[in-house]
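> one predicted model, sequence on top.
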Amino acid sequence: MMRPQDNSEQAAAWIARMDSSDWSAQGEAELQLWLAGDPLRRGALLQAEAAWLSLDKVDDGVAAIHGRQRFSRRTVLGTASALAATLIGALFWRRSGTVYRTEVGEIRHVPLADGSSATINSDSEVKVRLADNRREVRLASGEAWFRVMKDPVRPFVVEAGQVVVQAVGTAFSVRRRENGADVLVTEGVVETWAAQADGHRIRLVAGQSAFVGDNAEVRMAAATPSSVDRTLAWRSGTIDLSGERVVDAIDEFNRYNRRKLVLENPRLASEQFDGSFRTDDPEGFANAVGRSFGVAIDRNDPNVIRIGGPS
Amino acid sequence: MTDEFSEAGERRRIARWVADEVLPHEAKVRGWLRRARVSSEDIDEIIQEAYSRLSMLERVDHIDSGYSYFFSITRNLLTRRLKRQRIVPFEAIAEIDAFVDDKPSPERQVAGKIAYARILDMIELLPERCRQVMRLRKIEGWTQRAIAEHLGVTEKAIEKQIWTGVRMIREAWSRGEQDAENRLDYSERRGGEQ
């Protein structure tokens, strides 16, 4: 009757059982079965496990900070894929037609019921429907990176406006633009086309990217491995700049933050800039630009950071 | 170390983070939901759903404030619920609008990290048998089996005491037990419960 309370009680029992000496694969299987019975149980279990761990002595704060630093960007990128299809949550979204929305600054990793996963960038909306013959994803806005579990009888199809991208088992990202979409392949092969011009399919292989216009215009770009890494750095909360124009970098930061960067000095616009920043640290970027080009940074307005105002 | 990147390791790492960054603030988030006139059954469900969302995170090192993160998940869940409802209490709207100002000050966030002494206090509040088992398990680091042998009971009996312990500690966090002002209230209630 009281679903959350029952879940909590049972979750506590699982924690106690997992802690006992006869915890086995059999127990693990039973646990998974229990978890599959109600999506809220994942939460109940996490809450109970956290309560259990809260009683352990931790060197105040220090351990947490170390944990944070140990995960360098490379490590995260390397392991992201391995962790992508974890069971956690895979049983969670069995319903069809689920909408995932991220807020500005939020980056969300969503395991899908078929074992695939989506990592959704800031300010984006993705709708997922897993049917028997087809896995459909609609990218209503923003950007997402998909790792697709191989399933030859159920193609994985992403629609971004007029642009369609189809894969069987691979990893790729799609970013909606005003008149089309960017497609970037990190593993395997995808086919992409504009809905209006079905038949004109292009194949992209790992390391390639292309802009596909709503009007079926295609602009290919051979992406080097390092540029793929950089373009997808957002998955680890990083913006990686290597010779990007300042004005483009500013657009990039503004995707992730409510506090917007404004370039007051147009002469800087096409200056190139290098550096690695956290997506939620526009101020760090502004400061670096200020130092590099010797311009003033105005932080007086809580909503805006002005770069290169009159000094 | 060995299971650092395994699924179980990842699950544990997130649970550790939740223990440090979210659990200490759960009572405050519940309080906020109460102020928004959410029924206690619905609060339990929203909170459990919010934890479910956390359980889907692949990693947490990009999240600066667990409190703010948890709060915004909860707020989104509440907003979605209210949209389905035809009559929305005015207080709910007011609370949602007030959310932005409700972030804890840096001092409060630090205060949210609970001192170990307070955690020992939480164990002290457990019923006697349960307290004894939890102390041996958590403070002395004995296994369930060793505790069973020491006390001359079955391992199942120990597991049951641990179950009670986990349940009560979780409830204590939900109620904000670590706040001194709530503790008196709690021990009074506890007398009536069992």
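Received, thanks.

> when you work out contacts or count neighbours from here on, use the C-alpha atoms and nothing else.
OK.

> quick one: name the residues of the stretch 201-311 of chain A near chain B.
Contacts of the stretch 201-311 of chain A with chain B, taken as CA under 8 Å from any CA of the partner chain, map to A:Ser236, A:Gly237.

> for the stretch 201-311 of chain A, which segments are assigned as strands?
Along the stretch 201-311 of chain A, counting by DSSP state E, counting those that start in this stretch, strands occupy A:202-205, A:208-213, A:218-222, A:238-245, A:260-263, A:272-278, A:296-298, A:304-309.

> packing partners for the first one?
What it means is strand A:202-205. strand A:180-187, strand A:189-194 (3 or more CA pairs under 8 Å, 6 or more residues apart in numbering or on different chains; DSSP states H and E).

> how about a cut-off of 6 Å?
Counting contacts by 3 or more CA pairs under 6 Å, 6 or more residues apart in numbering or on different chains; DSSP states H and E, strand A:202-205 is packed against strand A:189-194.

> which parts of chain B sit against chain A?
B:15, B:18-19, B:45, B:48-49, B:51-52, B:56, B:61, B:144, B:159, B:162-163, B:166-167, B:170 (CA under 6 Å from any CA of the partner chain).

> can you name the residue of chain B nearest chain A?
With CA to the nearest CA, the shortest gap between chain B and chain A falls at B:Ser52, namely 3.5 Å.

> name the SS class of that residue, please.
helix (DSSP: H, G, I helix; E, B strand; the rest coil).

> what sits against it?
A:Leu40, A:Arg42, A:Gly43 (CA atoms under 6 Å, 6 or more residues apart in numbering or on different chains).

> hang on, the earlier thing: using a markdown table, lay out the strands of the stretch 201-311 of chain A together with distance to B:Ala148.
Below are these laid out as a markdown table (distance: least, CA to CA, whole Å):
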| stretch | distance to B:Ala148 |
| --- | --- |
| strand A:202-205 | 59 |
| strand A:208-213 | 61 |
| strand A:218-222 | 64 |
| strand A:238-245 | 50 |
| strand A:260-263 | 60 |
| strand A:272-278 | 50 |
| strand A:296-298 | 65 |
| strand A:304-309 | 62 |
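
> point out the most buried one among these.
Greatest average neighbour count among the strands of the stretch 201-311 of chain A goes to strand A:208-213 (a mean of 22), per mean count of other CA atoms under 10 Å in any protein chain shown.

> ok, and what's touching it?
The contact list for strand A:208-213 (CA under 6 Å, 6+ apart) reads A:179-185, A:218-223.

> repeat the analysis, applying 8 Å as the threshold.
A:162-163, A:179-186, A:192-194, A:204, A:218-224 (CA atoms under 8 Å, 6 or more residues apart in numbering or on different chains).

> and if you look at stretch A:214-230?
By CA under 8 Å, 6+ apart, the residues outside stretch A:214-230 that reach it are A:161-163, A:179-181, A:184, A:186, A:193-197, A:207-212, A:239-241.

> which other helices and strands does the longest helix along chain A contact?
Longest helix in chain A by number of residues, with DSSP state H as the criterion: helix A:3-19. Using 3+ CA pairs under 8 Å, 6+ apart as the contact test, the elements touching helix A:3-19 are helix A:40-53, helix B:40-55, helix B:155-175.

> mind putting the ones you listed into a markdown table with mean pLDDT?
Below are those laid out as a markdown table (pLDDT from 0 to 100):
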| stretch | mean pLDDT |
| --- | --- |
| helix A:40-53 | 93 |
| helix B:40-55 | 92 |
| helix B:155-175 | 93 |
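
> so for B:Ser68, which of those sits nearest?
Of all the helices and strands packed on helix A:3-19, it is helix B:40-55 that lies closest to B:Ser68, at 12.4 Å by CA to CA.

> low-scoring stretches of the chain, by residue?
In the absence of a named chain, chain A is used. Filtered on pLDDT under 70, chain A yields the residue ranges A:1-2, A:57-96, A:197-199, A:222-225, A:310-311.

> correction: the question concerned chain B.
In chain B (pLDDT under 70), the answer is B:1-9, B:85-117, B:177-194.

> what domains does the record give for it?
B:7-112, B:116-193 (automatic domain parsing).

> out of those, the one nearest A:Arg258 is which?
domain B:7-112 (12.9 Å).

> re the thing from before, close to chain B as well: tell me which of the contacts of B:Ser52 qualify.
Among the contacts of B:Ser52, chain B is touched by A:Leu40, A:Arg42, A:Gly43 when using CA under 8 Å from any CA.

> with adjacent residues omitted, what lies nearest to the second one?
In space, not counting the residues next to it along the chain, A:Arg42 is nearest to B:Ser52; the distance is 5.1 Å by CA to CA, 6 or more residues apart in numbering or on different chains.

> with the last one instead?
In space, and not counting its chain neighbours, A:Gly43 is closest to B:Ser52: 3.5 Å by CA to CA, 6+ apart.

> again with A:Leu35
Per CA to CA, 6+ apart, closest to A:Leu35 is A:Arg41, 5.5 Å.

> same deal with A:Val104?
A:Val104 sits nearest to A:Asp123 (CA to CA, 6+ apart), 4.5 Å away.

> list the contacts of whatever residue of the stretch 151-300 of chain A ends up closest to chain B.
Nearest to chain B, among the residues of the stretch 151-300 of chain A, is A:Gly237, at 6.2 Å (CA to the nearest CA). By CA under 8 Å, 6+ apart, the residues touching A:Gly237 are A:Ile107, A:Arg278, A:Thr279, A:Asp280, B:His62.

> tell me how far the second one lies from A:Ile239.
The reference is to A:Arg278. 6 Å (CA to CA, to the nearest Å).

> now the fourth one
From A:Asp280 over to A:Ile239 the distance is 9 Å, taken as CA to CA.

> so A:Asp56, which of the three states?
Going by three-state DSSP: A:Asp56 is coil.

> and it, how many neighbours does it have?
A:Asp56 has 16 neighbouring residues, counting by other CA atoms under 10 Å in any protein chain shown.

> which residue packs closest to it, ignoring adjacent ones?
A:Asp56's closest residue in space is B:Lys138 (CA to CA, 6+ apart), at 6.4 Å.

> ramachandran angles for that neighbour?
The phi and psi torsions at B:Lys138 (degrees, to the nearest 10) take the values phi -90, psi -40.

> and residue 47, how many residues sit next to it?
All of this refers to chain A. Around A:Gln47 there are 31 residues (other CA under 10 Å).

> was after chain B, sorry
Neighbour tally, B:Ile47, other CA under 10 Å: 27.
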